[in-house]
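*Asks:* I'll drop the sequence and a predicted model, then ask my questions.
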Amino acid sequence: MARLGLAVAFAASAGLGINGSVRGDVPPPGTMNSPIRIWVDQIGYRAAAPKMAVVASDKALPDGLKIELHSEKDNAVVWKLADHPAALLKVGGGNKDRDSGDYIDQVEFGEFAAPGRYYFVLAEAAGPASVRSYKFNIAANPYHEAGLAAWKALYYARADGDKLEKYGGLWNHGPAFLGPHQATEAQVYKWKTGNRWPDQVGTEIVDPKTYDVHGGWWDAGDFNKYTSNTVTSQNQFLMAYEMAAGGPKDRELNIPESGHGVPDVLDQIRVATEFLIRDHDGTGAAFGRVHQESGSPPETVKAVVQLTMPNSATTMARAAGLAYAAVVWRESTLDDAFAKTCLDESMRSWNLLKTKPHPWPVDPKNPNQILSQGEMGGDDKDYAVWRATAAACYFRLTSQKEYDQIVHDAVAKGVGDVAEPYKWVYMRSKGADPDLVAKIKKAVADSATGILGQQSAKGYRLVVDGFWWGSNAHVGSKGGTLVLAALLTDDAAKKKAYLEGAEEYVHYLNGRNPRGECYFSNMKSFGAEHSAVVMFHGWVGNATSKYSQKYIGEGPGKIGPFPGYIIGGPNGSMKKLIEDEDLDWRKAPWEFTEPDIGYQSQVMRLMSGFIW
């Protein structure tokens, strides 16, 4: 597969895969309905890394399973479980796995390292008929192209404007949200009490001015843009970019900015940063929400774009997002003028909050809270994280003591999780308190070590706190902590263990899970035979639009959604995922198959350790 000048490659290969012809003597792949199924990472395994496949069943697995590894090239048997009996481990002593409800055998085949494309076969003696696993690659780095597709997905999530075929391939549309009173001429409306979340902000204009708030990313399946989630996601993406340690390059993603001398990944993130620069009322006070109606194709939406009133929480978020962008751009030396703009605009919001302290506008029923206007996030915990993030960035840029103290106070109060971007920024700052840095690093290491200590007892090697709406973001967060721990240790053995532990989370997302599904959208062109092809999305997963039907599902006349976007994932249990093509609202499809920039950003922190 060519490097991600891939919009063209996407178009050429959509629905075709890279598997070549399928010979008649190859058994069909197992599904969730198969008595016994073999689940693998459908993108692949690193040649030099441990490799494990899961054999799962609803009933206790028999002894003596006949499992063989075949080469796709000629279907020859290249590895047999019979020759490696110690490779099979009955999880839980043969008892049911508590997380998944499956009976599980794990097959370790790490010593097999020959590059190629393979599949496992469970021979007839083990059940009513032979079945195979989905196919997978073994390579020095099998995640590179698929990982770039995940970064390319942010191009398809860009709000406003067009997406040309030369960049988007089959997933293109005309200019959207640039008409009268849309993204370049938006106005502030009074939030209508009793509104549901999808509703328009209201009907009463409270500010006669118009504001240019074009750009950024659609938040999720809907076309809204929330300052809070934009900032949180941008900062996670910036952290992922930095964690990749020079891996990202220019001309990797085939986006409009490719060839400008800046890594394409950073250009992708800059789209959000430029939106944040515009996202304020002229004083630095950031709007809470940019409401845009959904439609497919997007250019058919003619409804006005509405803003909610600025508030103190999103203003602090804006300060945090632009401060982190200032750090990355200044230290990259790729665009000093842009770095200065980011810092100036960040300080504008920060200084406003000094003269006009949080919270505002206040909720009449609770003057200690901001007035809810249908935004996302913005509670006291969020505010504290954003304040600490801005302070950590200002300290990195200026070494001023007042900002150092804010970070100390935040860590002492337990603000955020162990892998927050503000801690990452602070640890790497000149003049940082070595005792505080050691404390932060220890917390990361302790968390990572705790995860490793539990993985061996898990059927799918996945240690999480549960499965709820957006569970794949939690998977990314846990795995990302392991990648961070690997970066922070100088101990080679620990580094290796942390990365191998993180890779178990990659395997889960790529298909080694109880559903046997790669949870990134439409990854057939990257080797995944069974990936997410139903995505709740206003453009490529809109059940009310005849135009959108070609993007929903697979089969004759279908091309599926654009590749690389992580869906929310199982919700309620490790297996519960409703992905019916009718996207029936009564089944709440947004709780299962909707993507979200926040999900993607957490997962890309995890993937930062494996793409380059």
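*Replies:* Arrived safely.
*Asks:* in the stretch 151-300 of the chain, which spans are helices?
*Replies:* For the stretch 151-300 of the chain, the helices defined by DSSP state H, counting those that start in this stretch occupy 165-168, 227-243, 264-278.
*Asks:* which one of the ones you listed lies closest to residue 59?
*Replies:* Comparison of the helices of the stretch 151-300 of the chain against residue 59 by CB to CB identifies helix 227-243 as nearest, at 41.3 Å. From N, CA and C alone the C-beta is placed, and that goes for glycine too.
*Asks:* what angle sits between the closest one and helix 264-278?
*Replies:* 150 degrees (axes from the mean of the first three to the mean of the last three CA atoms, to 10 degrees).
*Asks:* now that we have the helices of the stretch 151-300 of the chain, can you turn them into a markdown table and tack on mean pLDDT?
*Replies:* Converted to a markdown table, the helices of the stretch 151-300 of the chain look like this (pLDDT from 0 to 100):
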| stretch | mean pLDDT |
| --- | --- |
| helix 165-168 | 98 |
| helix 227-243 | 98 |
| helix 264-278 | 98 |
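*Asks:* and those helices, which is most packed in?
*Replies:* Stretch with highest mean neighbour count among these: helix 227-243 (a mean of 26; mean count of other CB atoms under 10 Å).
*Asks:* which strands or helices does that one pack on?
*Replies:* helix 264-278, helix 312-332, helix 380-398, helix 421-427, helix 471-488, helix 597-607 (3 or more CB pairs under 8 Å, 6 or more residues apart in numbering; DSSP states H and E).
*Asks:* so for residue 194, which of those sits nearest?
*Replies:* With CB to CB as the criterion, residue 194 lies closest to helix 312-332 of these, at 21.9 Å.
*Asks:* which parts of the closest one are buried?
*Replies:* 312-330, 332 (16 or more other CB atoms under 10 Å).
*Asks:* ok, now stretch 578-587?
*Replies:* Quick answer for stretch 578-587 (16+ other CB under 10 Å): 578-579, 581, 583.
*Asks:* of those, closest to residue 303?
*Replies:* For the buried residues of stretch 578-587, the nearest to residue 303 is residue 583 (21.1 Å; CB to CB).
*Asks:* I figured that closest one was touching residue 534, is that so?
*Replies:* Yes: the pair residue 583 / residue 534 is scored as a contact, 7.1 Å apart, by CB atoms under 8 Å.
*Asks:* overlap in contacts, the two.
*Replies:* Residues touching both residue 583 and residue 534 (CB atoms under 8 Å, 6 or more residues apart in numbering) are 541, 552, 589, 593.
*Asks:* top of these by number of neighbours, please.
*Replies:* Counting neighbours by other CB atoms under 10 Å, residue 541 leads the shared contacts of residue 583 and residue 534 with 29 neighbours.
*Asks:* phi first, then psi, for the residue nearest to that residue when sequence neighbours are not counted.
*Replies:* Using CB to CB, 6 or more residues apart in numbering and skipping residues adjacent in sequence, the residue nearest residue 541 is residue 535, 4.3 Å away. When read as degrees, to the nearest 10, the backbone of residue 535 gives phi -140, psi 120.
*Asks:* so residue 535 makes contact with residue 592?
*Replies:* No: using CB under 8 Å, residue 535 makes no contact with residue 592, being 10.0 Å away.
*Asks:* compare those two (neighbour count), which wins?
*Replies:* residue 535 (27 against 24).
*Asks:* closest one of the shared contacts of residue 583 and residue 534 to residue 488?
*Replies:* Within the shared contacts of residue 583 and residue 534, proximity to residue 488 (CB to CB) peaks at residue 593, which comes in at 34.9 Å.
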